[in-house]
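Enquirer: Make a model of this:
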Amino acid sequence: MAQKFEYYRVLADRMIDNDTDRNRAFKYYQKMRRMEYDLPDKVRVVPGARKSIDPAPSDAVGRSTQIMSSRPPRLTVMPAVNSPAGRERANMIERILKWQLTDADRRRPVGAISDIFESAVLYGAVALNVIDLDHQIKVVESEEQQRKIQRARRYGRFVINTFNPMDVHVHRSTLGVECVLLAQERPAYEVAAEYPMAAKVLKGSIEDSKNIMFYHYLDMETSCIWVRADGMSKAILPPTNHDLPFMYWVAMMGGSTLDNNEEHRYKPLLYSVYRTGEWETKNVVDTLMTSDVIWKALPPVVMVQNATEDVTYDTGDPQRRVLQLPYGASGSPLPPQQVDPALFTISQEYGRRMQDSTLSTLLNSSGDIGSGTSFAFLNLQTQTALGALKPAKELTEKALAEMFTMMLLWSSYTGIDLVGYNMKRRSQAHGLEYVLPADEIDDENIYISVELDPDEPTDKMQRANTATLLQRLGYSNTSALEDMGVEDPEQEMDRAFEEKLDQNQLDMYILSQQQALQMQMQALQMQMQQQQQMQQMGMQQQMQQQQQAQQMAQQQELGGAIPGGQGFNPAMGGQPPAMAFPEGTRENVNGEMGMGMGMEGEM
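Expert: Numbering: from 1, shown residues only. Predicted coordinates for the structure are as follows:
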């Protein structure tokens with residue numbers, strides 16, 4: 001049940017006071033990230049001092065964020081039923097949630113994942129909320145606000161607001177977060193634009209372009225919004241009971257429960273640098289070293305003694321610089337002044353200390369890798385260096401999982417279906433719409449996990465080698481693809497199957513074309529052989545005809561010379577033809593000798 005406004009105002013002040021030590025450390029981390037540093041008075045008042053600020057802590061946070069947020073998160077939704085249909089439904093939910101995150105990022109100058117991880121690595125805390133615009137359109141009364149929300153709806157259904165953890169205060173119990181308070185300094189006109197009912201209350205501050213303190217309190221039953229301007233607290237939205245079955249805040253705050261001091265419960269990447277003061281010491285040393293080099297860049301080169309008048313120095317000609325001494329004065333050259341090497345040594349030592357306690361140079365562009373370094377050793381060094389980012393990585397993964405869960409809870413509460421689209425450009429299903437009915441979301445059984453993959457090639461190669469080895473031992477293809485970091489193993493396997501089918505159809509088409517060409521070549525060869533056989537048969541017939549014609553011609557020539565009739569019939573008492581015509585032998589008549597050989601003199 002909602003209490004009076006004064007109750008929440010006092011509670012807010014107490015929550016802010018409890019986080020005073022925490023915010024002191026947070027402000028120091030913020031100074032290192034922004035490279036804001038003021039020199040000590042003794043150094044700052046030295047004439048000609050040149051301030052030098054070490055960017056190493058800021059670069060470590062920036063490089064860490066780049067490594068861990070360059071790739072999309074690997075989202076896993078636990079299927080309600082362990083079956084092909086259940087896994088396919090879980091994969092569909094994953095695609096929808098990824099689409100909603102991509103859609104929400106369109107209205108943000110920086111992606112939500114980058115902001116969330118930077119907060120985790122810089123402060124060791126994450127604070128964000130998820131607003132459903134479809135719900136906001138229904139609850140606002142002003143038509144102007146409805147139109148404004150409708151225009152914002154074009155850039156996605158959900159608004160993901162990330163906040164500086166210094167502005168967010170949380171009360172926790174053993175059951176989790178009990179209430180969340182946002183205490184933020186904001187321009188008065190910005191608050192009035194978001195909450196039109198505050199325009200009258202903040203009229204003076206808006207006209208004077210002042211900043212005011214904005215407070216938003218939320219617990220499981222009550223919501224309250226107020227502002228503090230000109231020393232007065234005024235409620236915009238008085239304490240009201242809401243009917244939301246959840247708090248739309250993701251506040252991963254509270255730090256380690258092993259330390260009761262709020263300042264030390266949060267141990268982000270720069271915690272040891274903050275506690276040891278290494279950054280301040282290095283800034284002072286670098287300032288002195290830089291200033292010393294500048295001071296000694298143009299030192300005096302001649303010492304003058306016994307001068308009773310001013311010494312003049314002609315610098316008109318750099319090649320003929322002349323020192324004019326008065327009568328009785330003498331001059332002697334001075335040795336060049338050396339920069340104190342101790343300053344350089346101290347600067348290097350503190351730089352090494354900060355590197356060891358933050359991010360290894362192996363993960364920075366300045367990291368040098370020897371030419372003979374083996375892949376196994378490089379991979380071991382890389383994984384060891386990435387271990388420094390493990391706390392921030394785990395914190396970001398938990399925050400993202402809660403953020404995606406919040407989207408499902410909003411859809412279930414509003415009764416509005418959750419819609420998404422396939423974003424795989426190389427997939428045949430690119431642009432396919434997915435719809436998750438709101439009444440099919442089980443609020444009590446939502447299990448989502450998120451994994452961030454660092455943008456390091458050695459990690460991906462190691463995953464691939466491990467997955468290949470496990471497959472040889474009987475590991476399933478789906479599990480191997482999951483271990484390699486594939487977002488949707490089933491979809492990738494379907495794509496691989498489709499590619500194999502396409503390749504098989506292409507191979508069959510090529511084979512059919514080759515077979516058709518081969519058959520054409522065989523038919524052409526058979527046709528040529530038949531033509532050759534017909535030509536040979538024609539030539540043989542022609543030769544036989546020529547031979548027969550020659551034989552007949554010879555017989556006709558010899559036929560008139562061979563005696564015949566009864567006068568040459570021995571049976572009738574005539575003379576035999578061989579005696580009457582001795583030249584009429586078989587060889588002479590046929591024109592050839594026995595065995596087909598030609599007559600003498602013929603070849």
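Enquirer: how about low-confidence regions in the stretch 101-250 of the chain?
Expert: Applying pLDDT under 70 to the stretch 101-250 of the chain flags no residue at all.
Enquirer: And the strands in it, which stretches?
Expert: 126-132, 158-162, 168-173, 176-187, 211-219, 222-229, 232-241, 249-252 (DSSP state E, counting those that start in this stretch).
Enquirer: now for the ones you listed, which one comes closest to residue 95?
Expert: Of all the strands of the stretch 101-250 of the chain, it is strand 158-162 that lies closest to residue 95, at 15.6 Å by CB to CB. To be clear about C-beta, it is placed using only N, CA and C from the backbone, and glycine gets the same treatment.
Enquirer: Give me the residues contacting that closest one.
Expert: Strand 158-162 has contacts (CB atoms under 8 Å, 6 or more residues apart in numbering) with 100-101, 103-105, 107-108, 112, 115-116, 119, 127-133, 152, 403, 407, 410.
Enquirer: cool, and stretch 276-285?
Expert: 32, 37, 39-40, 43, 51-54, 56-57, 272-273, 343, 346-347, 350-351, 353-354, 357.
Enquirer: Among those residues, which ones are in helices?
Expert: Members of the contacts of stretch 276-285 lying in helices (criterion: DSSP state H): 32, 43, 56-57, 272-273, 343, 346-347, 350-351, 353-354, 357.
Enquirer: re the thing from before, select only the buried ones of the contacts of stretch 276-285 in ChimeraX?
Expert: To isolate the buried members of the contacts of stretch 276-285 in ChimeraX, using 16 or more other CB atoms under 10 Å:
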select :32,37,39,52,53,54,56,57,273,343,346,347,350,351,353,354,357
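Enquirer: residues contacting the residue nearest to residue 228 when sequence neighbours are not counted?
Expert: Of all residues not flanking residue 228 in the chain, residue 213 sits nearest, at 4.1 Å (CB to CB, 6 or more residues apart in numbering). If you count contacts by CB under 8 Å, 6+ apart, residue 213 has them with 183-186, 227-229.
Enquirer: Next: residue 68.
Expert: 117, 121, 389, 392-393, 396, 452, 454-455.
Enquirer: at 7 Å what do you get?
Expert: Neighbouring residues of residue 68 by CB atoms under 7 Å, 6 or more residues apart in numbering: 117, 389, 393, 452, 454.
Enquirer: For it, give me the pLDDT.
Expert: Listed pLDDT for residue 68 reads 86.
Enquirer: Of all the residues in the host helix or strand of it, which ones are buried?
Expert: For residue 68, the host element (DSSP states H and E) is helix 56-69. Within helix 56-69, the residues scored as buried using 16+ other CB under 10 Å are 56-65, 67-69.
Enquirer: same question, stretch 105-121
Expert: For stretch 105-121, a neighbour-count test (16+ other CB under 10 Å) marks 105, 108, 111-121 as buried.
Enquirer: Other residues contacting that stretch?
Expert: Here stretch 105-121 makes contact (CB under 7 Å, 6+ apart) with 61, 64-65, 68-69, 73, 101, 104, 125-126, 128, 155-156, 160, 162, 165, 268-269, 389, 392, 395-396, 399-400.
Enquirer: Tell me how far that stretch lies from the chain's centre.
Expert: Mean C-alpha position of stretch 105-121 versus that of the full chain (CA atoms, centre = their mean, to the nearest Å) differs by 14 Å.
Enquirer: what pairs with the one helix or strand residue 450 maps to, and is each one parallel or antiparallel?
Expert: Residue 450 belongs to strand 448-451 when assigned by DSSP H and E. Strand 448-451 has its sheet partners listed here by DSSP bridges as strand 74-77 (antiparallel).
Enquirer: List buried residues within the contacts of stretch 105-121.
Expert: Buried, going by 16+ other CB under 10 Å: 61, 64-65, 68-69, 73, 101, 104, 125-126, 128, 156, 160, 162, 165, 268-269, 389, 392, 395-396, 399-400, out of the contacts of stretch 105-121.
Enquirer: Now do the helix or strand encompassing residue 501, average pLDDT.
Expert: Using DSSP H and E, residue 501 sits in helix 489-559. Throughout helix 489-559, pLDDT has a mean value of 81.
Enquirer: again, but for stretch 14-32
Expert: In this model, stretch 14-32 has a mean pLDDT of 94.
Enquirer: so how far is it from its chain's centroid?
Expert: Average the C-alpha atoms of stretch 14-32, do the same for its chain, and the two points are 34 Å apart (CA atoms, centre = their mean).
Enquirer: contact partners of that stretch?
Expert: For stretch 14-32, the surrounding residues in contact (CB under 7 Å, 6+ apart) are 37, 57-58, 122-123, 165-166, 169, 171, 181, 183, 261-263, 266, 268, 270, 274, 279.
Enquirer: buried subset of these?
Expert: 37, 57-58, 122-123, 165-166, 169, 171, 181, 183, 262-263, 266, 268, 270, 274, 279.
Enquirer: Any idea how many residues pack against residue 506?
Expert: Other residues near residue 506 number 10, with proximity taken as other CB atoms under 10 Å.
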